[in-house]
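**Q** Build the 3D model from these lines:
(2 chains)
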Protein chains: 2
Amino acid sequence: MWDVADQLKAMLVFAEHRYYGESLPFGNKSFRDSRHLNFLTSEQALADFAVLIKHLKKTIPGAKNQPVIAIGGSYGGMLAAWFRMKYPHIVVGALAASAPIWHFGNLVPCGVFMETVTKDFKRGGPNCSETIRSSWDAINRFSRTGAGLRWLSEALDLCTALTNAQDVQRLKAWLSETWINLAMVDYPYECDFLQPLPAWPIKVVCQYLKNPSVSDAQLLQNIFQALNVYYNYSGQASCLNISETTTSNLGTQGWSYQACTEMIMPFCTNGIDDMFEPHAWNLREFSDDCFKQWSVRPRPAWIITMYGGKNISSHTNIIFSNGELDPWSGGGVTKDITDTLVAITIPDGAHHLDLRARNAFDPTTVLLARSLEVKHMKQWIRNFYASLRKKH
Amino acid sequence: MWDVADQLKAMLVFAEHRYYGESLPFGNKSFRDSRHLNFLTSEQALADFAVLIKHLKKTIPGAKNQPVIAIGGSYGGMLAAWFRMKYPHIVVGALAASAPIWHFGNLVPCGVFMETVTKDFKRGGPNCSETIRSSWDAINRFSRTGAGLRWLSEALDLCTALTNAQDVQRLKAWLSETWINLAMVDYPYECDFLQPLPAWPIKVVCQYLKNPSVSDAQLLQNIFQALNVYYNYSGQASCLNISETTTSNLGTQGWSYQACTEMIMPFCTNGIDDMFEPHAWNLREFSDDCFKQWSVRPRPAWIITMYGGKNISSHTNIIFSNGELDPWSGGGVTKDITDTLVAITIPDGAHHLDLRARNAFDPTTVLLARSLEVKHMKQWIRNFYASLRKKH
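**A** Coordinates of the predicted model:
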């Protein structure tokens, strides 16, 4: 976006979402209880952005009559799209990159996310997804005895040894999240988004995962090699910590609360169309977990009521871009809805690759996507000035 | 709207706004303090309507795939327009009758409201507005002495005698509100909206207000006769009560709080373009009063940030209807914005006359307005079904 800002002679504003980073409305009490968390909603965040833009236009010399475009990736992409829907008088358009605005209710099948993760590992190398699929049972077999747990803890070089069934659940959840994260950041060049990683990291990971039919011990030692690509590319890690999957602080507390109130995204696996252990989506269980953690219960229908679900054709000037490698693309808009609600798909793109800085290793498909995006933006800006002229 | 529902074979739903009527979220504690009032906003009301419509569609047999149109008058008209703007996936269009969506900030001059009231009284009979303009000084002169206050209290048959300057202020505010209300309900036939009234009540009132140059005593006795048209058309009133101007409960508490938080409508008079005592709009004073009454301070810019002010051209399918007699028309949309954001003006109409039931005395202009409104609604419905067919 820095590159695009240059082209459009635009100012670039990164607005921090309330309850993330340093934007804590009640300081270190912000996450204390639901009374303090009550102001953490997507609607309130959009209102913040509306007030912020008006403030910037008022106070920055020359900004007053300039058109504004909302840009975001992931949850930020949803916010960008929703912002254009709800505040079309404030932004002339929105680029919603990798925005899974349909990953709610039953707008898309709950398995679509994990199927894309699996596809990425299939593409990463022969037998790669099959090897991961085999790993769950291998872990389960080791987990039956104390000796097995000790062996597992050592083989995977875990910082804290596994001692019970709950630990094993956590281990498997951590592994799943690792594969998911790799799918999200399967970028064509070395970079550091969730973790420092080599180019096309899944391909690198899959070099260790070529054989699903070896012994359980061998298979899990191979998994360990694969994990090291993700957790120890720098070579600095002394052990693997199953309580975290990313180095940077993405504000997991805030998202956890939002996922328990408004942002209810159903996920499921069946172990057939995907490489994970089967797990049905269970709203009741999810709701109980939310109640335990935050004393709130989810409202799974609300986001669709508020933002329209699939009935959004009356809006205009939104680009929905999606990388086909990105597991979130399954919940995104990947087909044009109207002439001005357009989908751009990037076959070789992972999670919002189009928003990243220009790179020598960018595939042609992302270059094309970016130039299309700029073309649309220029059109919105032209229309904005044309309608201004019409008024005067 | 009953008549229109019949024509369109539609179901008519009257949804009560939270904090009005019986919809009290905290029972009789609802107005206790700002903690209990915190949930009284237009946004929350719109969200209620969204949830309600989804609920009705889900639970009423046959309703599921029917198009919905939002209809409202006055504040309800603003809500109807805003509902279409914010939830275009839920309603195919909106009829916003006498909706002063621009009576905020400095979108329209603050004097426009009282100027229209004055115009109505000018139209009501010769010297009528001049007589009312003269009444303020006559009251002021009487108010200088105790004897004068006693005379005033008796001449106007007040239930509670005036004793001090504050009472006189209240008297004048009550008188102003009476003239305002008459302007709002200057309907062409006998009816009972704010009070039981004859047809064209301003014309009746003005029969008593033909001479601004009589003595103060005579002038105020004439004002008393005029007041009786409004407060004693039934002949049942034993005295006039300056603490109320309407018989029905319109939920003044809720509105008073909303007027102190979101719905800041600037009003002013100059005594030249209108028939009232000059009074500038004073946000500071207004804010202090709000703080005294509700412990809150107004956010005068918010409604414009939220609902777009005059920049609403990206929306579609809203009819803004306004009666030219209606003082609220000055803050309304009285010119087409686009092909589908249309203005309908009713030269002989007062406050949302078009929403009232058919009447033998309806002027042709309101009949025309209603038939235009139905024409637009039918078009929205046709478009809705056409887009459904396109999908399948």
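
**Q** mind listing what residue A:320 touches?
**A** Residues in contact with residue A:320 (CB atoms under 8 Å, 6 or more residues apart in numbering or on different chains) are A:77, A:81, A:96, A:99, A:101, A:332, A:333, A:334, A:341, A:342, A:343, A:344. In short, each C-beta sits where N, CA and C put it, glycine included.

**Q** likewise residue A:331?
**A** Neighbouring residues of residue A:331 by CB under 8 Å, 6+ apart: A:100, A:101, A:102, A:103, A:104, A:107, A:108, A:112, A:113, A:265.

**Q** Give me the phi and psi for it.
**A** Phi and psi for residue A:331, reported as degrees, to the nearest 10, are phi -100, psi 10.

**Q** ok, now residue A:69?
**A** Summarising the backbone geometry of residue A:69 under the convention degrees, to the nearest 10, its torsions are phi -120, psi 130.

**Q** Need phi/psi at the closest residue to it other than its chain neighbours.
**A** Taking CB to CB, 6 or more residues apart in numbering or on different chains, and ignoring the residues beside it in sequence, residue A:69 has residue A:93 as its nearest neighbour in space, at 5.4 Å. According to degrees, to the nearest 10, the main-chain angles of residue A:93 amount to phi -180, psi 180.

**Q** Same check on the one 3 residues further on?
**A** Torsion angles at residue A:96 (phi, psi; degrees, to the nearest 10) stand at phi -110, psi 100.

**Q** Report pLDDT for it.
**A** For residue A:96, the model assigns a pLDDT of 98.

**Q** Can you tell me the number of residues neighbouring it?
**A** Residues within reach of residue A:96, counting by other CB atoms under 10 Å in any protein chain shown, total 29.

**Q** cool, residue A:348 as well?
**A** Burial measure for residue A:348: 17 neighbouring residues, criterion other CB under 10 Å.

**Q** Confirm for me that it is in contact with residue A:365.
**A** Yes: in this structure, residue A:348 sits in contact with residue A:365. The criterion is CB atoms under 8 Å, and the distance is 5.1 Å.

**Q** which residue ranges form the strands in the stretch 101-250 of chain A?
**A** Per DSSP state E, counting those that start in this stretch, the stretch 101-250 of chain A carries strands over the ranges A:191-192, A:196-197.

**Q** Could you report the separation of the residue most central in space within chain A from chain B?
**A** Taking CA atoms, centre = their mean as the criterion, residue A:74 is the residue nearest the geometric centre of chain A, at 4.9 Å. According to CB to the nearest CB, to the nearest Å, residue A:74 and chain B sit 23 Å apart.

**Q** how about the closest residue to residue A:265 other than its chain neighbours, what does it touch?
**A** With CB to CB, 6+ apart as the measure, residue A:103 is the residue that lies nearest to residue A:265, at 4.6 Å, once sequence neighbours are left out. By CB under 8 Å, 6+ apart, the residues touching residue A:103 are A:113, A:265, A:266, A:328, A:330, A:331, A:332.

**Q** Quickly list what the residue nearest to the last one when sequence neighbours are not counted is bridged to.
**A** What that stands for is residue A:332. Nearest residue to residue A:332, sequence neighbours excluded (CB to CB, 6+ apart): residue A:322, at 4.5 Å. Here residue A:322 shows beta-bridge partners residue A:345, assigned using DSSP bridges.
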